[in-house]
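# this is a predicted model, with the sequence first.
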Amino acid sequence: MDEQALLGLNPNADADFRQRALAYFEQLKISQDAWQVCAEALAQSIYSDDHIKFFCFQVLEHQVKFKYSELTEVQQQLIRETLITWLQAQMLNPQPEKTFIRNKAAQVFALLFVTEYLTKWPKFFFDILSVVDLNPRGVDMYLRILMAVDAELVDRDVVHTSEEARRNTLLKDTMREQCIPSLVESWYQILQNYQYNNSELTCQCLEVVGAYVSWIDLSLIANERFINMLLGHMSVEVLREEACDCLFEIVNKGMDPIDKTKLVESLCQVLQSAGLFSIDQEDDVDFLARFSKLVNGMGQALIASWTKLVKNGDMKSAQDTLQAIEAKVALMLQLLVHEDDDISSNIIGFCYDYLHILKQLSALSDQQKANVEAIMLAVMKKLTYDEEYNFENEGEDEAMFVEYRKQLKLLLDRLAQVSPELLLASVRRVFNTTLQNWQTTRFMEVEVAIRLLYMLAEALPVSHGAHFSGDVTKATALQDMMRTLVTSGVSAYQHTSVTLEFFETVVRYEKFFAVEPQHIPTVLMAFLDHRGLRHTSPKVRSRTAYLFSRFVKSLNKQMNPFIEDVLNRIQDLMELSPPENGYQALLSSDDQLFIYETAGVLIVNSEYSAERKQVLMRNLLTPLMEKFKVLLEKLMMAQDEDRQMALADCLNHAVGFASRTSKAFSNKQTVKQCGCSEVYLDCLQTFLPALSCPLQKEVLRSGVRTFLHRMIICLEEEVLPFIPSASEHMLKDCEAKDLQEFIPLINQITAKFKTQVSPFLQQMFMPLLHAIFEVLLLPAEENDQSAALEKQMLRRSYFAFLQTVTGSGMSEVIANQGAENVERVLFTVIQGAVDYPDPIAQKTCFIILSKLVELWGGKDGPVGFADFVYKHIVPACFLAPLKQTFDLADAQTVLALSECAVTLKTIHLKRGPECIQYLQQEYLPSLQVAPEIIQEFCQALQQPDAKVFKNYLKVFFQRAKP
């Protein structure tokens, strides 16, 4: 071996050595006999360095996994012997190998098992057992090998090919027949031998039993001697967690419902008599989390049995099973309400399924009603934050609690289905009690009271948020709670969680304010002062900005009396904060977007006259325009790149804010009707000069482009005079990404204004194409994937542009470009359809070709086009699908083929019998297609139903491809 290269295996070696070791590994993988050197090194324990031993196993692993069939019988025998020799050495070595080496060795054993068990090595396990006997180090390796074999055969996380899946099934069947009883016996011996003196091996063995139980005969494990031993382990501290998991796997095994009920019940009796159901006496939370998972498994197993028995009509056994389920509810509740969330979380599945049973029963007994109430109280208690929750810097623990709360929410929703009246009454009681004394109550209790009211909105569903009409009892209860919420003064509570919950709930129940509009000013003030948008916490300010915009939008006309007051109060929050003043604005630019949108909504939806709306909109947008001009001048002078970036960002924000105000307009309230066209045209005039700024082009162009998109929608044809000069600037020194983002703008204009923009399109058509071709023809490095992807996306955008032009009935834009240019464009479409393995672009190209044939393919089409159809379009329809890269199993490709079929149908439609004659006599014979297939093809093409031909074409190409 290359000793120098092996030095690089040490994690502390320098980069050059490590690189050399990697190269050496690659070299050994392709070498014919390197594995033999590694096998010898392992068998004879030549190296003591752990990393080299691991490396040798990696080389062997590669050989077994990828090149085993290339070895001779003698060489294969050598690998088997090497592994057995290495295994024998493990029991004699003074020190055990490191865990990572043992695991890698086990993987190699498992790979060899998968390859050889059915053919050359049927005694695989017996050979290993005869070597290891009950030697602790040998047993350790045996158990690791069993886990590695299980991972190869049944690991759900590994995606197996259908061939591997078939092989694994055969391996498991053969093992069940030949060796599983002996393996189970060996596990029993290991457990019996080591349960009191080697907890590590015992736990390993329990893990093996748990893994194998899912696919072997359960009676081998679920019998008196095994279960008694496992139950014995449940009272041994170091073994009980693994024993719990093992029992869980046994309970989880699919079996007959009556047998399953018996098995679970017998387990429960023994566990209960061993005192394991006395949760309050147990302080080991890790064990309780596993135990909770076991109880959950037993509960869900019983419920699955009950469901099957009811389905089979065996009501007597179903009733017995239901009693067994009910008997576990007290234990379930103890675990659900446990202060440790992991323990509680593990039992939620059982709880959820139990409620599902109750939902199906026609009437509930008193005990069942009491159970529902107990679950409800447990959920309310467990929803509460604890003292340790860090609201300002949420980490992993906090994220886990948020997830846990989502599980509890599902329980609450299920409770609502079982007994909505009870849920409503319970929430109302907790809510009212808490809010009466909120000033002296801890934050987490106040938060959860409001949270429960918030959660009722989803738990008691209604259409379109109509919580305050319909069912009088419910509407009154919710109305009372909402009134209490907004009048109690709880919005002033000094904790961010309570503040946020207040605003979330107010917005969730916005329909309340239609019923009792007198509370709107109170809530608006909360939004606008130190409780909301001016809160000390940035998190609260940010969320409130979004909620405020939702609140205002939902109240619409009811905001009229407050519009100007609100606009005045939010004025300072809308200031564009330039980078140089060092002033930390209250809201981030993203939050300000919501405030601008809100201001726009207030103005547009108001009942003011168009003149007044215009004045207010101008007051809103003029400061932005003035700031924009000043900042643009500063940017032109700026030398330092960081300063340039900061200024460009600020300019971009100004454009974004103006853009966002326009979201308030609608078909009912257009810019024109509101008298605001002039203001937005002024904005356009102010922002467009940024396109000719040579600095920070990407940022500025992106912002102005977005604004143009909005204005095309809002200003209609008034925007058209600005488009030519804007386009000219955007086409100057542009890159693939610029073009790719510019084309949708042109597509939007083309699709919206059609012939109105025909002169402009004709003028800029070739400059745009030249810019696109120039970028596409730029040489790129061979492995530069991002450049290749950018070109692919640009190519797609280019074809989408041609599709928009032809699809908007403006083929004259192309036709008027001069014969040479027209031909060039047509050839790019043919090339796109055939040469590039991109089904999305190919589909678009066939759509363009169909459209052009439809427009120009008749007798009065442009001179020479009919010729082009036969020389290029017809061949494209065959050459593209015949390519190896045209994968008919891929959904996008099938769509491209579908458009290819439409193209051929359109050619037939426009050219008639002449097209059939050309296919029959010239084109298809030139592809060596058999005469009877030609006949069949032409008949399918002439079918009036296009679908018939589409289906035929797919079959035609499937047959034609090797």
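Happy to help now that I have it.
# what strand or helix carries Ile101?
helix 99-116 (DSSP states H and E).
# tell me which other helices or strands whichever helix or strand comes after that helix touches.
Next helix or strand after helix 99-116 toward the C-terminus (DSSP H and E): helix 124-132. Applying 3 or more CB pairs under 8 Å, 6 or more residues apart in numbering; DSSP states H and E, one finds that helix 124-132 contacts helix 73-90, helix 99-116, helix 136-154, helix 180-194. Every C-beta, even on glycine, is put in place using the N, C-alpha and C of the backbone.
# where do the helices sit along the stretch 551-700 of the chain?
Listed in chain order, the helices of the stretch 551-700 of the chain (DSSP state H, counting those that start in this stretch) span 563-570, 589-604, 610-637, 641-661, 677-687, 697-715.
# nearest to Arg80, of those helices?
Arg80 lies closest, by CB to CB, to one member of the helices of the stretch 551-700 of the chain: helix 697-715, at 62.5 Å.
# what angle sits between that closest one and helix 677-687?
Here helix 697-715 points in a direction 170 degrees away from that of helix 677-687 (axes from the mean of the first three to the mean of the last three CA atoms, to 10 degrees).
# I'd say Glu241 and Ser292 touch.
No: if you go by CB atoms under 8 Å, Glu241 and Ser292 don't touch, sitting 11.8 Å apart.
# those two: who's more crowded?
Remark: of Glu241 and Ser292, Ser292 carries more neighbours, 28 against 20, as counted by other CB atoms under 10 Å.
# within the helices and strands, which one has Val264?
Using DSSP H and E, Val264 falls in helix 257-273.
# can you mark which positions in that helix are buried?
For helix 257-273, a neighbour-count test (16 or more other CB atoms under 10 Å) marks Pro257, Lys260, Thr261, Leu263, Val264, Glu265, Leu267, Cys268, Leu271 as buried.
# and stretch 450-460, by the same measure?
Ile450, Arg451, Leu452, Leu453, Tyr454, Met455, Leu456, Ala459, Leu460.
# can you give the distance of the helix holding Val264 from its chain's centre?
The chain centroid and the centroid of helix 257-273 are separated by 40 Å, computed with CA atoms, centre = their mean, to the nearest Å.
# helices and strands around it, which ones?
Helices and strands touching helix 257-273, as assessed by 3+ CB pairs under 8 Å, 6+ apart, comprise helix 224-233, helix 240-252, helix 285-312, helix 315-336.
# compute the inter-axis angle for the second one and helix 257-273.
Yep, that's helix 240-252 we're talking about. 160 degrees.
# pLDDT (mean, whole number) over helix 240-252?
Mean pLDDT, computed over helix 240-252, is 89.
# what's next to that helix, contact-wise?
202-203, 206-207, 209-211, 213-214, 218, 221-222, 227, 230-231, 233-234, 236, 263-264, 267, 286-287, 290-291, 293-294, 297-298, 301 (CB atoms under 8 Å, 6 or more residues apart in numbering).
# distance check, the spatially most central residue of the chain against Tyr385.
Centrality entry for the chain: nearest residue to the mean C-alpha point is Glu403, 16.1 Å, by CA atoms, centre = their mean. Counting by CB to CB, to the nearest Å, the gap from Glu403 to Tyr385 is 14 Å.
# how many residues are close by the nearest residue to Ala585 once chain neighbours are set aside?
For Ala585, ignoring the flanking residues on the chain, the nearest one in space by CB to CB, 6 or more residues apart in numbering is Ser577 at 4.2 Å. Using other CB under 10 Å, Ser577 has 18 neighbouring residues.
# for Ser577, give me the pLDDT.
Confidence score, pLDDT, at Ser577: 79.
# what does Asp157 give?
74.
# Ser469 now?
Ser469 is given a pLDDT of 80.
# which residues does it contact?
Ala475.
# and the nearest residue to Phe125 once chain neighbours are set aside, what are its phi and psi?
Once flanking residues are discounted, Phe125 sits nearest to Cys179: 5.1 Å by CB to CB, 6+ apart. Dihedral angles of Cys179 (phi, psi; degrees, to the nearest 10) stand at phi -140, psi -10.
# hang on, isn't Cys179 packed against Asp127?
No: using CB under 8 Å, Cys179 makes no contact with Asp127, being 11.1 Å away.
# with neighbour numbers in mind, choose between those two.
Ranked by neighbour count (other CB under 10 Å), Cys179 and Asp127 place Cys179 first, with 18 against 15.
# one step back: save the buried residues of helix 257-273 as CSV, and put in distance to Thr82 too.
Putting the buried residues of helix 257-273 into CSV (distance: CB to CB, whole Å) gives the following:
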residue, distance to Thr82
Pro257, 50
Lys260, 46
Thr261, 51
Leu263, 44
Val264, 47
Glu265, 51
Leu267, 45
Cys268, 50
Leu271, 47
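# which two of the residues you listed have the greatest separation?
The most widely separated members of the buried residues of helix 257-273 are Pro257 and Leu271, with 20.9 Å between them, by CB to CB.
# remind me which residues of the stretch 201-350 of the chain are low pLDDT?
In the prediction, the stretch 201-350 of the chain carries no residues with pLDDT under 70.
# again, only this time at 90
214, 218-219, 222-240, 243, 246-247, 250-256, 259-260, 263, 266-285, 287 (pLDDT under 90).
# again with the stretch 651-800 of the chain
Residues of the stretch 651-800 of the chain that meet the cut-off, pLDDT under 90, sit at 667-669, 692, 694-695, 697-698, 716-717, 725, 728-741, 754-755, 775-788.
# what are the buried residues along the helix holding Ile101?
101-102, 104-116.
# and of these, the nearest to Val64?
Leu111 (4.6 Å).
# who touches the helix holding Ile101?
Contacts for helix 99-116 (CB under 8 Å, 6+ apart): 50, 53-54, 57-58, 60-61, 64-65, 68, 76, 79-80, 83, 86, 96-97, 121, 124, 128, 140-141, 144-145, 147-149, 151-153, 167-168, 171.
# ChimeraX command for the buried members of the residues you listed?
To isolate the buried ones among those in ChimeraX, judged by 16+ other CB under 10 Å, type:
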select :53,54,57,58,60,61,64,76,79,80,83,86,97,121,124,128,140,141,144,145,147,148,149,152,153,167,168,171
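# let's have the helices and strands packed on helix 257-273 in a markdown table, adding distance to Glu163.
Shown next, in a markdown table, are those (distance: least, CB to CB, whole Å):
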| stretch | distance to Glu163 |
| --- | --- |
| helix 224-233 | 35 |
| helix 240-252 | 28 |
| helix 285-312 | 33 |
| helix 315-336 | 42 |
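# so which of those gets nearest Leu691?
Of all these, helix 285-312 sits nearest to Leu691, with 61.2 Å by CB to CB.
# so how far is that closest one from its chain's centroid?
The answer for helix 285-312 is 30 Å, by CA atoms, centre = their mean.
# try stretch 202-212
34 Å.
# now swap in stretch 667-685 and tell me
For stretch 667-685, the distance to the chain centre is 39 Å (CA atoms, centre = their mean).
# next one: stretch 924-934
48 Å.
# try stretch 756-770
On CA atoms, centre = their mean, the centre of stretch 756-770 falls 41 Å from that of its chain.
# for that stretch, buried residues please.
Across stretch 756-770, burial judged by 16+ other CB under 10 Å covers Val757, Ser758, Phe760, Leu761, Gln762, Met764, Phe765, Leu768, Leu769.
# distance to Phe562 and secondary structure for those residues - can I get that in CSV?
Shown next, in CSV, are the buried residues of stretch 756-770 (distance: CB to CB, whole Å; DSSP: H, G, I helix; E, B strand; the rest coil):
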residue, distance to Phe562, secondary structure
Val757, 43, helix
Ser758, 48, helix
Phe760, 45, helix
Leu761, 47, helix
Gln762, 52, helix
Met764, 48, helix
Phe765, 52, helix
Leu768, 49, helix
Leu769, 54, helix
